[in-house]
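> next come a sequence and a model predicted from it.
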Amino acid sequence: MSEIAKIELGGTTYEFPVIEGTENEKAIDISNLRAATGYVTLDTGYKNTGATTSAITFLDGEEGILKYRGYPIEELAEKATFIEVAYLLIYGNLPTVTELETFRSNITKHTLVHEDMKQFFEAYPAKAHPMGVLSSMVCSLSTFYPESLDPNRSPEAKDLTILRLLAKLPTLAAWAYKNSTRHPFMYPKNEFDYCKNFLYMMFAMPTEEFKVDPVVVDALNKLFILHADHEQNCSTSTVRIVGSSQANLYASISAGISALWGPLHGGANQEVIEMLEKIHADGGDVDKWVLKAKDKEDSFRLMGFGHRVYKNFDPRAKIIKKACDDILTKLGVNDPLLAIAKKLEQVALEDEYFKARNLYPNVDFYSGIIYKALGIPTEMFTVMFAIGRLPGWIAQWKEMTENKEPIGRPRQIYTGVVLRQYVPIEKR
Ligand code: SDX
C-alpha cells in the first residue's frame with residue numbers, strides 16, 4: 001500500500017500521493033495541489049522541492065554518495081575516461097568498444113568551429129572573462145547550424161548537435177584563452193584524445209613541438225569526470241528550464257554556462273584560489289580568516305566550503321584532495337597554497353560554527369590547486385568546470401526533452417501594492 005500525504009486546510013483534509021524513487025527517496029506529488037486546494041507551496045531556492053524525476057545521477061548529501069547511472073564516482077574517476085563517462089551519462093550505459101570508438105571518432109570529426117567565428121573572438125578585449133566569451137560563443141553555434149533550432153527535429157539531428165557541442169566546447173574554450181593572450185589560435189589535432197587535444201589547443205605554440213606530461217592529461221581526465229554531472233544543481237536546473245521552452249541545445253547550454261559562472265556555484269573554484277592567495281599574501285594567518293568567515297558582519301565566506309545538499313564530505317572533494325597530493329608530488333610542484341588549504345580545512349572542521357552548519361570542503365576547494373599546478377590560468381578555472389559539466393547538462397536536457405516535460409513555470413505569492421490609479425506626471 002503506497003503512502004498518502006494528508007494536508008488539512010480550512011477544515012478539509014486533502015490527500016496527495018507519495019512517490020518513491022529507486023534509492024528510496026520519497027516525494028509528495030503535489031501536481032494537483034492548486035486545482036484541489038487553491039494553494040501553492042513556497043520554497044525559495046527550491047531547498048525542499050523536486051523539479052523532476054531523473055535516472056541520470058544519484059547523490060546522498062548525508063552519506064556523501066555520488067553515482068552516475070548507478071556507477072559510484074570513485075570507480076569512474078579511477079578507471080574510466082571522460083569520453084566514456086560522457087557516453088554513459090548521455091546514453092545511459094557504458095559504451096562497448098565499438099560504441100566508444102564510434103563516439104570518439106565522431107567527436108574528433110567535429111572539433112573545428114566555423115572559420116567565421118574567429119572574428120567574434122577578435123572583437124573581445126584581452127581582459128574579457130572567458131566564461132562570458134564561452135557562453136556567447138556556444139549560443140552563437142546555433143546560428144551556424146539552423147537545423148539545431150528545432151530540438152525535436154529527429155533523434156539523428158539531436159545526436160549530431162550533441163556531438164558538435166561536445167567536440168567544439170574545448171576548441172572554443174582554448175581559443176578564448178588564446179585570444180586573451182593574443183597568441184595564435186591552435187587548431188585541434190585528430191590524433192590526440194579529448195583531454196590532450198584541449199591541452200594542446202591551450203598551451204601549444206606554432207613555433208615549437210608540443211610536449212605534455214601524461215600525469216597532466218590523466219589529472220584533467222579525472223577532474224572532468226568528477227565534474228561531469230551533479231543532478232539538479234543551479235546550472236543544470238537552468239539548462240532544463242531554458243530547454244523546457246523548446247529552446248535549442250546551444251541556447252540551453254549557454255544559459256547553463258552563465259549560471260555556473262556565479263561565485264556561489266562554479267565560479268567558486270576561481271574564488272578559492274584568489275582567497276588562498278589573499279591569505280598567503282596576508283601572512284597565512286588561517287585563524288584570522290576563519291574568524292572572518294564566521295563573522296556575520298563580514299561578507300567574507302570560506303569559498304569552497306559548504307554545499308546546498310552535501311551535509312557531509314563532498315565525495316568529489318575527497319578524491320580531488322588525494323589527487324592534489326599525488327599530482328603535485330609527481331609534477332614536483334610545491335605550492336604554499338596547498339598547505340594553507342589543508343590548514344584552513346583542519347581549523348574549520350574542528351570549529352563549532354562549521355560543524356554546527358555541516359560545512360565541509362566541496363568540489364571547488366582543492367580543484368583550483370590542481371588546475372594551477374597544470375598551468376591553467378585562474379580565470380579559466382570555471383571554464384574547466386563547464387567543460388567537465390557539459391555531458392551532464394546535455395544528458396539532463398536530453399532526458400527532459402525525451403520525457404516531453406512541460407515548460408517550467410513556477411508560481412509566486414504576490415506581496416506588492418494591491419491597486420492604484422494612473423496619475424499624469426504633472427500631478428505626481
Ligand atoms: C557548487 O548544487 C550543486 O550540486 C553545486 C555543485 C555542482 O557540482 O554543481 O556541487 C558545485 O556550486 C559547489 C558550491 C561552491 N560554492 C562555494 O564554495 C561558495 C561558498 N559556499 C556557500 O556560499 C554556500 O555554502 C553554498 C552557496 C554552497 C550553499 O549555501 P546554502 O545551502 O544556501 O547555505 P546557506 O547560504 O543558507 O548557509 C547556511 C549557513 C549560513 O549561516 P547561518 O545563517 O545559519 O548563521 O552556513 C553559513 C551561512 O552563513 N555558510 C557559510 C558558508 N557556507 C554557508 N559560512 C561561511 N563560509 C561558507 N562557505
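In hand now; what should we look at?

> going forward, measure contacts between C-alpha atoms and count neighbours the same way
Will do.

> what mean pLDDT does stretch 364-380 have?
For stretch 364-380, mean pLDDT rounds to 95.

> got the contact list for that stretch?
Under the criterion Cα atoms under 8 Å, 6 or more residues apart in numbering, residues 129-131, 177, 216, 223, 266, 268-270, 272-273, 303-305, 317, 320-321, 324, 327-328, 331, 333, 335, 337-338, 341, 381 lie in contact with stretch 364-380.

> how long is it end to end?
Taking Cα to Cα, to the nearest Å, stretch 364-380 runs 13 Å from one end to the other.

> any idea how far it is from the chain center?
16 Å (Cα atoms, centre = their mean, to the nearest Å).

> for that stretch, buried residues please.
Within stretch 364-380, the residues that count as buried by 16 or more other Cα atoms under 10 Å are 364-374, 376, 378-380.

> just the ones of those residues in helices?
Counted as lying in helices by DSSP state H, out of these, are 364-373.

> looking at those, which one is closest to the ligand?
The ligand lies nearest to residue 364 out of those, by Cα to the nearest ligand atom, at 6.0 Å.

> so what touches the lengthiest strand in the chain?
When the chain is scanned for its longest strand (criterion: DSSP state E), the result is strand 12-20. With Cα under 8 Å, 6+ apart as the test, strand 12-20 has contacts from 2-8, 26-30, 33, 36-37.

> filter the residues you listed to the buried ones?
Applying 16+ other Cα under 10 Å to the contacts of strand 12-20 flags 28, 30, 33 as buried.

> still on that earlier bit, continuing past the longest strand of the chain, what's the next helix or strand?
Using DSSP states H and E, the next helix or strand after strand 12-20 towards the C-terminus is strand 26-28.

> partners of that next one in the sheet?
Within its sheet, strand 26-28 is paired with strand 12-20 (antiparallel), according to DSSP bridges.

> going by neighbour count, which residues in the partner strand are buried?
Of the residues in strand 12-20, those buried (16+ other Cα under 10 Å) are 15-17.

> now these as a markdown table including pLDDT and distance to the ligand?
Listed next are those as a markdown table, based on pLDDT from 0 to 100; distance: Cα to the nearest ligand atom, whole Å:
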| residue | pLDDT | distance to the ligand |
| --- | --- | --- |
| 15 | 97 | 30 |
| 16 | 98 | 28 |
| 17 | 97 | 27 |
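
> quick one: low-confidence ranges for this structure?
Where the chain drops to pLDDT under 70, the residues are 1.

> what parts of it come near the ligand?
230, 233-234, 264-266, 268, 293-294, 301-308, 357, 362-364 (Cα under 6 Å from any ligand atom).

> how does it look with 5 Å?
Proximity of the chain to the ligand, by Cα under 5 Å from any ligand atom, involves residues 230, 233, 264-266, 268, 293, 301-308.

> which of the residues you listed sit farthest apart?
230 and 293 (26.2 Å; Cα to Cα).

> residue of the stretch 151-300 of the chain closest to the ligand, please.
Counting by Cα to the nearest ligand atom, the stretch 151-300 of the chain gets nearest the ligand through residue 265, at 3.1 Å.

> nearest spatial neighbour of that residue, skipping sequence neighbours?
residue 234 (7.4 Å; Cα to Cα, 6 or more residues apart in numbering).

> figure out how far stretch 390-409 is from the centre of its chain.
15 Å.

> would you mind writing the CA trace of that stretch as CSV?
Extracted in CSV, the C-alpha atoms of stretch 390-409 (Å, rounded to 0.1, in the frame of the first residue of the first chain):
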residue,chain,number,x,y,z
LEU,A,390,28.9,19.6,-20.4
PRO,A,391,28.0,15.9,-20.7
GLY,A,392,25.8,16.2,-17.6
TRP,A,393,24.0,19.2,-18.9
ILE,A,394,23.4,17.5,-22.2
ALA,A,395,22.2,14.3,-20.6
GLN,A,396,19.7,16.2,-18.4
TRP,A,397,18.5,18.3,-21.3
LYS,A,398,18.1,15.2,-23.5
GLU,A,399,16.2,13.4,-20.7
MET,A,400,13.9,16.4,-20.2
THR,A,401,13.1,16.6,-24.0
GLU,A,402,12.6,12.9,-24.4
ASN,A,403,10.3,12.8,-21.4
LYS,A,404,8.3,15.6,-23.0
GLU,A,405,8.3,17.6,-19.8
PRO,A,406,6.1,20.7,-19.7
ILE,A,407,7.5,24.2,-19.9
GLY,A,408,8.8,25.2,-16.4
ARG,A,409,6.7,27.9,-14.9
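
> buried residues of it, list them for me.
Buried residues in stretch 390-409 (16+ other Cα under 10 Å): 390-401.

> can you say which of the contacts of stretch 364-380 are buried?
Among the contacts of stretch 364-380, the ones that count as buried (16+ other Cα under 10 Å) are 129-131, 177, 216, 223, 266, 268-270, 272-273, 303-305, 317, 320-321, 324, 327-328, 337-338, 341, 381.

> so which of the residues you listed sit within helices?
Reading helices off these with DSSP H, I get 130-131, 177, 216, 223, 268-270, 272-273, 317, 320-321, 324, 327-328, 337-338, 341, 381.

> thinking again about what came up before, which one of the ones in helices among the buried residues of stretch 364-380 sits closest to residue 422?
Proximity of these to residue 422 was ranked by Cα to Cα; the top entry is residue 364 with 50.9 Å.

> against residue 385, how distant is the closest one?
9 Å.

> same check, this time on residue 248
22 Å.

> ok, residue 404 next?
Distance from residue 404 to residue 385, by Cα to Cα: 28 Å.
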